[in-house]
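# Let me see the structure of the following:
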Amino acid sequence: MANKSDKFQRDAVAAWAKRCYLAGRAVMDAALRPYDIGSTQWYVLYQLAHHGPTMQRDLLRMLQIERATLSIVVGALVRKGLVEQVPDTIDRRQKRLQMTVAGTKLWGELPDLTFIRSVAFDGIDQAEIATAIKVLQTATGRLDELLRQGTDT
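Model (predicted):
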């Protein structure tokens with residue numbers, strides 16, 4: 001059985017991973033606020049700008065968000081005239097998202113958000129970063145596997 005110190009360290013890793021994510025997301029939202037888009041909207045635009053038209057259903061897996069949340073995000077982007085939904089040629093119930101001219105123009109005006117990564121990680125030893133990545137990848141993989149098997153274990 002693990003001692004209290006081991007349990008505390010494991011809990012602390014998860015807590016700090018979440019706090020780091022939330023802090024990065026808050027900085028991202030602050031940088032995007034003047035452009036009237038949020039971080040999830042930015043991720044949709046990023047996908048469309050870098051990979052072209054994308055099926056809306058594929059964004060669920062990519063962004064790991066609920067269907068209702070994605071519908072709200074896409075609806076906002078459509079209302080703003082930044083994205084359009086085009087019915088799929090095979091299954092017209094499915095929607096392909098593509099950036100509009102206005103969306104492409106806005107994308108070109110948005111700030112380069114790589115500064116967030118620089119602020120967070122510059123000056124940290126690369127070996128320590130590699131260890132952190134390995135630990136979080138392993139933990140995430142284990143949790144994903146638990147979900148695939150069902151959480152009755």
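
# Let's verify Q85: helix, strand, or coil?
Here Q85 is strand, with the state taken from DSSP: H, G, I helix; E, B strand; the rest coil.

# Okay, it and Q64: tell me how far apart.
21 Å (CB to CB, to the nearest Å). All C-beta spots, glycine's among them, are computed from the backbone N, C-alpha and C.

# and these two? which has more neighbours close in?
Shown here are Q85 and Q64; by other CB atoms under 10 Å, Q85 has more neighbours (14 against 7).

# List the contacts of the more buried one.
Q56, V74, V78, K95, R96, L97 (CB atoms under 8 Å, 6 or more residues apart in numbering).

# Same list (these) but as JSON lines, adding pLDDT.
What follows is the contacts of Q85, written out as JSON lines (pLDDT from 0 to 100):
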{"residue": "Q56", "pLDDT": "92"}
{"residue": "V74", "pLDDT": "96"}
{"residue": "V78", "pLDDT": "97"}
{"residue": "K95", "pLDDT": "90"}
{"residue": "R96", "pLDDT": "93"}
{"residue": "L97", "pLDDT": "95"}
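
# Quick check: the farthest pair among these?
Farthest pair in those (CB to CB) is V78 and R96. Separation: 12.7 Å.

# Can you tell me the centre-most residue of the chain?
L63 (4.8 Å; CA atoms, centre = their mean).

# which helices and strands sit right next to the lowest-mean-pLDDT helix or strand in the chain?
Least confident element among the helices and strands of the chain, by mean pLDDT, DSSP states H and E: helix 4-32 (a mean of 86). Helix 4-32 sits against helix 39-51, helix 114-121, helix 126-149, with contacts defined as 3 or more CB pairs under 8 Å, 6 or more residues apart in numbering; DSSP states H and E.

# list the buried ones in that helix?
G24, V27, M28, A31, L32 (16 or more other CB atoms under 10 Å).

# count of neighbours near the residue lying closest to V13 once chain neighbours are set aside?
For V13, ignoring the flanking residues on the chain, the nearest one in space by CB to CB, 6 or more residues apart in numbering is V135 at 6.7 Å. For V135, the count of nearby residues is 13 (other CB under 10 Å).

# V135 touches A12, doesn't it?
No: the pair V135 / A12 is not scored as a contact, 11.9 Å apart, by CB atoms under 8 Å.

# Would you agree R92 falls within a helix?
No: applying three-state DSSP, one finds R92 to be coil, outside a helix.
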